[in-house]
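**Student:** Generate a structure from the sequence data that follows.
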Amino acid sequence: MASIYLQAENLTKSFGDRILFGNLSFSLFQLDRTAIVAKNGSGKSTLLSILAGKQHPDSGSVVTRNGIRLGYLEQNPVLRDDYTILESVYSADNDISRAVQDYERAMATSDKDHLQQAIETMDRLEVWGRETKAKQILTRLRIENLNQPIANLSGGQRKRVALASVLIEEPDILILDEPTNHLDLDMVEWLEDYLIHGQQTLLMVTHDRYFLDRVCGCILEIDNQSLFRYKGNYSYFVEKRQDRINALASEVEKANNTLRYESEWIHRMPKARGTKSKYRIDAFYKLREKTLLQNLESPMEINISASRLGKKVMEVKNISKAFGSKVILRDFSYTFNRFEKLGIVGRNGTGKTTFLNIITGNTLPDSGLVDIGSTVAIGYYKQQDVSFPNNARVIDIARDIAEVVTIADGKTITVSQFLNMFLFPPEKQHDFVQKLSGGEKRRLYLLTVLMRSPNFLILDEPTNDLDIQTLCILEEYLKSFPGVVVVVSHDRFFMDKVVDGLLIFEGAGEVSGFPGSYTELREWTLEQQNDCPQGKPSQKSVKTGSSRVRIKQRLSFAQKKELEHLTSEIELLEREKLELEQQLSSGMLDASKLQEKSEQYGHLLERLGNIEMRWLELSELEG
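**Tutor:** This next block holds a predicted model:
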């Protein structure tokens, strides 16, 4: 039987009057690979910090087996600016880290005596294998120039340095908070394989569902301050969680029925209360608590209108961009189509975010132009950290944009009602921003982008720090979004759900297109690497030597259904049009009826024209 490496007993944590979790107890066994799943603001990062010994619980204890070494990657690591990358990566206070660090320093100088002494120390401690493995980790995370100061690094680069440091340390228990944030897709897939084949006990928080599915064999869910354990991967968790929710809903329904009967008894109850009555009263109040559970499962709702998008959207014409000798784009052209769902992929540093900044006007190209249609309203969700003032209240952040919001059915609601739809209830709307978790800040930021009713939505790493439930709802919204969606993301599950075409930034100014999802791109790439049996290249790729990239669009399931519906509606409107034409030409209508039918005919022609235009667009996509 596997040994218990870490034991958490009755952990409770609050911030002010806000309870994050209460009386959580669980064990981590040797070689367990476990993930914690919960809504934003439920205390996932706080729990990891307590387990790592960085914070103290209000009550309860964490016991680690003697001799067990623990490594911890924070969601937003704080590194010393006065350190170099080398010093930060090998910052663990032990003989092996000091020996490797000394050797790397000696290699960077011409001091032969120092180098010889460092080699002898490495020999004596037998750490050559570790040094080789460390270099492999640094290479796969593309961490270069180890003597570069930490102060010069971006937030994403710092996160990769911190990840490399904790992996190189090779602890017995590895605690990772959002390890895939700021990694590109190649890095994420490498990290998956590294953890799957590693010999460490793993506990992590991540929003990446493919990553969860492949790496973890146990899910701990925090829900309504309680802990639920699922012995399986993410797919198993989704199935069993739904079973639990269904069972709870059934239990609450039965409790409600019983509560109605018991409420009548409470009101009729005689004043003289015996022991039997007291037990029944206690049971009544417990029953009422259970019925309140139905109000705690309300999901986030994205129900907001997009402004109308005209036929002309955006055309990128022969743009080039370089930073010094580093070429980002070279004579690149692309035409965005209405209702397009486009994903952008590529290694870190190949220019994905720069491209987004160019099409939004935040960065000027060196040459070329971006021609934007007059009806385009851009909403840009940026990757950078949210910069809301800490002393601002949640509702004031939203009110700075608008007092009312138009939702999908054309109705207007107050900002407070809209915040409530985004899981900011009235009592939380008056909280200061500094009290929000990282995920809650990102959710508030998403709200501020959407409430402007954009029809050209640009999302740069939208899945970072958002909880899985929010991501699922966002995916459904984007799939039916009545405008253009452009997404940069390392989250393969999210990309597969939302986009139907890809731009691939390959570096050195090269960009190609692919008509499919990320998973289809990976499958096609593997086919090419393994060589097709016929010796012919696949026709699926649309990469060309020209500067203009085109992606053959395909209809999504929802678009196919829409096309079927539009075909039927056009037939009905054509029949109605014919009937009106016959009435108008009959000579049997008086002046008032003629006026009424003429107006009706004009409205019908306008509606028919709009529907036929949409039908043509979908028909062209279908080919």
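**Student:** drop to CA atoms for contacts and neighbour counts, all remaining ones
**Tutor:** Noted.
**Student:** Distance check, residue 390 against residue 379.
**Tutor:** Residue 390 sits 23 Å away from residue 379, taking C-alpha to C-alpha, to the nearest Å as the criterion.
**Student:** likewise residue 209?
**Tutor:** 26 Å.
**Student:** Of those two, which one has the most company?
**Tutor:** Shown here are residue 209 and residue 379; by other C-alpha atoms under 10 Å, residue 379 has more neighbours (21 against 17).
**Student:** Look up which residues are beta-bridged to that one.
**Tutor:** Taking DSSP bridges as the rule, residue 379 bridges to residue 457.
**Student:** Quick check: it touching residue 451?
**Tutor:** No: the criterion here is C-alpha atoms under 8 Å, and residue 379 misses it with residue 451 at 9.4 Å.
**Student:** can you give me phi and psi for residue 142?
**Tutor:** phi 50, psi 50 (degrees, to the nearest 10).
**Student:** what does the model give it for pLDDT?
**Tutor:** The model reports residue 142 with a pLDDT of 93.
**Student:** Check the one 10 residues further on too.
**Tutor:** The pLDDT attached to residue 152 in the predicted structure is 94.
**Student:** shaky segments in the stretch 301-450 of the chain?
**Tutor:** 385 (pLDDT under 70).
**Student:** Break down it into its helices, ranges please.
**Tutor:** Taking DSSP state H, counting those that start in this stretch, the helices of the stretch 301-450 of the chain run over residues 352-359, 394-399, 415-421, 426-429, 438-450.
**Student:** could I get those helices as CSV with distance to residue 111 and mean neighbour count?
**Tutor:** Shown next, in CSV, are those (distance: least, C-alpha to C-alpha, whole Å; neighbours: other C-alpha atoms under 10 Å):
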stretch, distance to residue 111, mean neighbour count
helix 352-359, 42, 20
helix 394-399, 58, 19
helix 415-421, 63, 19
helix 426-429, 61, 14
helix 438-450, 47, 20
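**Student:** Rebuild these as JSON lines, extending it with distance to residue 55.
**Tutor:** Formatted as JSON lines, the helices of the stretch 301-450 of the chain follow (distance: least, C-alpha to C-alpha, whole Å):
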{"stretch": "helix 352-359", "distance to residue 55": "35"}
{"stretch": "helix 394-399", "distance to residue 55": "26"}
{"stretch": "helix 415-421", "distance to residue 55": "31"}
{"stretch": "helix 426-429", "distance to residue 55": "24"}
{"stretch": "helix 438-450", "distance to residue 55": "17"}
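**Student:** what's the closest of those helices to residue 306?
**Tutor:** Ranking the helices of the stretch 301-450 of the chain by proximity to residue 306 (C-alpha to C-alpha) places helix 438-450 first, at 8.4 Å.
**Student:** Centre of the chain to the closest one, how far?
**Tutor:** In this view, helix 438-450 has its centroid 12 Å away from the chain centroid, taken as C-alpha atoms, centre = their mean, to the nearest Å.
**Student:** repeat for stretch 76-84
**Tutor:** Taking C-alpha atoms, centre = their mean, the mean C-alpha location of stretch 76-84 is offset from the chain mean by 26 Å.
**Student:** Show the end-to-end separation of it, please.
**Tutor:** End-to-end distance for stretch 76-84, by C-alpha to C-alpha: 18 Å.
**Student:** Am I right that residue 180 is in a helix?
**Tutor:** No: judged by DSSP: H, G, I helix; E, B strand; the rest coil, residue 180 forms no part of a helix; its state is coil.
**Student:** now it: how far from residue 238?
**Tutor:** Applying C-alpha to C-alpha, the value for residue 180 to residue 238 is 21 Å.
**Student:** Of those two, give the one with the bigger neighbour count.
**Tutor:** The neighbour comparison of residue 180 against residue 238 (other C-alpha under 10 Å) goes to residue 180, with 25 against 13.
**Student:** got the contact list for the more buried one?
**Tutor:** 188, 206, 208, 490 (C-alpha atoms under 8 Å, 6 or more residues apart in numbering).
**Student:** Looking at the residues you listed, which are in helices?
**Tutor:** The helices, defined by DSSP state H, take in residue 188 from these.
**Student:** Which one of the contacts of residue 180 is nearest to residue 113?
**Tutor:** Proximity of those to residue 113 (C-alpha to C-alpha) peaks at residue 188, which lies at 40.6 Å.
**Student:** before we move on, the earlier item: among the contacts of residue 180, who's most crowded?
**Tutor:** Neighbour counts for these (other C-alpha under 10 Å) peak at residue 490, which has 29 neighbours.
**Student:** what's the nearest residue to that one if we skip its chain neighbours?
**Tutor:** Sequence neighbours aside, residue 185 is the residue nearest to residue 490 in space, at 5.1 Å (criterion: C-alpha to C-alpha, 6 or more residues apart in numbering).
**Student:** Now for this structure, the helix or strand with the poorest mean pLDDT.
**Tutor:** One helix or strand of the chain scores below all others by mean pLDDT, DSSP states H and E: helix 275-291, with a mean of 54.
**Student:** Go ahead and confirm residue 165 touches residue 88.
**Tutor:** Yes: with contact defined as C-alpha under 8 Å, residue 165 reaches residue 88; the gap is 7.1 Å.
**Student:** More neighbours: which of these two?
**Tutor:** Counted by other C-alpha under 10 Å, residue 165 and residue 88 do not tie: residue 165 has more neighbours, with 25 against 22.
**Student:** what residue ranges in this protein score low on pLDDT?
**Tutor:** Using pLDDT under 70, the chain drops low at 1, 252, 255-299, 385, 531-548, 550-559, 620-623.
**Student:** Centre-most residue in it?
**Tutor:** By C-alpha atoms, centre = their mean, the chain has its centre lying nearest to residue 463, at 1.5 Å.
**Student:** How about the contacts made by that one?
**Tutor:** 207, 471, 489, 491, 494.
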